[in-house]
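Engineer: predicted model, plus sequence, below.
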Amino acid sequence: MTSHATMKDARTARWAEIDRGAAPAWLQAARRTAFERSMALGFPTTRLEAWRHTDVTPIARATFAAPEAGESSRMAPLAAAATLAGIAGPVLVFVNGHYAPALSKSGALAPGVRIESLAAAWAGRDTARLESYVDPEPETAAHAFTALNTALAVDGALIVIPRGVRLEAPIQLVFVAGPESDGPVESHPRVLVVAGPDSQATVVEIHAGQGASFTNASTEIIVGDAATVTHHRIQRASEAAFHIARTQARLGRDAHFESFVLGLGAALGRNDVDVRFDATGGECTLDGLWIHAGTQHADHQTFVDHREPHCTSRQLYKGVLGGTAHGVFNGRVLVRPNAQQTNAQQRNNNLLLSKAALVDTKPELEIHADDVRCTHGATIGRLDSQALFYLRSRGLDAPAAYEMLVQAFAREVLERTRDAALRAAYDGMAAERLLALAAGIAAGEGAA
């Protein structure tokens, strides 16, 4: 362990090394501004409302090394296991934040489509067009990790879909993290998706790992007029890892954005999804499911900014917690004065499988318009003992009965995934995790 000041010095040295590297002038300027901001802000504390239930002191105190560039063949089996099998389309693999071309898979692309590493894009001649998207707004203390990502990101994925192009196969971005010879590593992967007007794409962002690590991921998605972007974030980090992630989506006129988050791993995980309607007629769907046990801590935050009229947002997040796990959900919907005819729905349901599991949930509606339809709700409960007794009386053993009831609770979210192949893959991941939880609960390990 080391002091926060020592780790701050290490990040300063790391940024200085990045700053000396070859990069476009606009990128160097953005990095410098972000680094100064991140150092001024520091890590968020529990005194901030947005971080009231999540203490990141373990991240601040831990020692992390900068990952070495280049591929790690040792991580190849983990990358292969994390990649969704049977899914057509390109796969970009990143090992501790660095692109690994030998582990990736390209595919036939429509004219004008770009799917490449950000490091390669930054080294090219046409990088100026990215400047307007990277870190578009000053970060507040609540989003200090995003500023740190902008300062220290050295690679990631760039996806550009031209006007009118509709990609049928999902694009997989697989990020694997794990310790290297110098111990646990820290990485700051970044993803930028730019979908032109009337285009369509599905991006599946998968994070997996082994051992201790710290991943601070940032994803920016620009959805053009009448475009449709589906973004799935699958978090299967090691249960010894720290994982911070933020997705920012900006929607044009009549744009559609769908987000699905599946949280299974990490000792301490935080996931933010921010959506902003920049024009009328937009629609977004935000779904999430997290399944945790042991001493895991999971914090999910959503923010939907209704800036323009005639826009619709729907949210459904569900949590399943066993052991002494702690879950946090905070969903905020802001309806600005100009955003008449807004339709906003938000729901968070949580299932506790042990007496020691804990959930803090706070759905929020802030409405400054008078012609809207907005609803929200949250529940925290335990398994129905009568339903459990009924299943046991029909011959099911305790683990099977628990698993069936919990599967039924979780399936409402999983079934909202439109792609059948992706839905089947997520079903398998969730079922594996739920089976382990159900077996432990049925054996009397902190049963509710």
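Structural biologist: Received, thanks. As the structure is a prediction and not an experimental result, all values here were calculated from the model. Numbering: from 1, shown residues only.
Engineer: point out where the stretch 301-448 of the chain drops to low pLDDT.
Structural biologist: For the stretch 301-448 of the chain, the stretches with pLDDT under 70 are 440-448.
Engineer: ok, the residue in the chain sticking out farthest from the centre to Ala339 distance?
Structural biologist: Going by Cα atoms, centre = their mean, the residue of the chain most distant from its centre is Ser393, 40.6 Å out. Distance of Ser393 to Ala339, computed by Cβ to Cβ, to the nearest Å: 52 Å. C-beta: built from backbone N, CA, C; applies to glycine.
Engineer: now do Cys284
Structural biologist: In terms of Cβ to Cβ, Cys284 sits 13 Å off from Ala339.
Engineer: ends of stretch 301-314, what's the gap?
Structural biologist: The first and final residues of stretch 301-314 sit 14 Å from each other (Cα to Cα, to the nearest Å).
Engineer: one more: stretch 176-185?
Structural biologist: One end of stretch 176-185 to the other measures 11 Å (Cα to Cα).
Engineer: starting at the chain centroid, how far to it?
Structural biologist: From the chain centre to the centre of stretch 176-185 is a distance of 21 Å (Cα atoms, centre = their mean, to the nearest Å).
Engineer: that stretch: which residues count as buried?
Structural biologist: Within stretch 176-185, the residues that count as buried by 16 or more other Cβ atoms under 10 Å are 176-180, 184-185.
Engineer: who touches it?
Structural biologist: 62-68, 72, 74-75, 78-79, 82, 93-97, 187, 207-215, 237-238, 241 (Cβ atoms under 8 Å, 6 or more residues apart in numbering).
Engineer: does Val194 count as helix, strand or coil?
Structural biologist: Here Val194 is recorded as strand under DSSP: H, G, I helix; E, B strand; the rest coil.
Engineer: hey, what's it bridged with?
Structural biologist: Note on Val194: beta-bridge partners by DSSP bridges are Val160, Ile222.
Engineer: my guess is it contacts Tyr133. True?
Structural biologist: Yes - using Cβ atoms under 8 Å, Val194 is in contact with Tyr133, at 6.8 Å.
Engineer: could you give me the average pLDDT of stretch 18-36?
Structural biologist: Mean pLDDT, stretch 18-36: 84.
Engineer: then stretch 110-128?
Structural biologist: Average pLDDT, stretch 110-128: 85.
Engineer: what comes up buried for it?
Structural biologist: By neighbour count on 16+ other Cβ under 10 Å, the buried set for stretch 110-128 is 113, 115-119, 121-122, 127.
Engineer: just the residues you listed: which are in helices?
Structural biologist: Those of the buried residues of stretch 110-128 mapping onto helices are 118-119, 121-122, per DSSP state H.
Engineer: what's the spacing between Ala121 and Ala157?
Structural biologist: 9 Å.
Engineer: now do the helices in the stretch 301-448 of the chain.
Structural biologist: 385-393, 398-414, 420-442 (DSSP state H, counting those that start in this stretch).
Engineer: related to what we said a few turns ago, neighbour count: Val194 and Tyr133, which is higher?
Structural biologist: Taking other Cβ atoms under 10 Å, Val194 and Tyr133 do not tie; Val194 has more neighbours (23 against 16).
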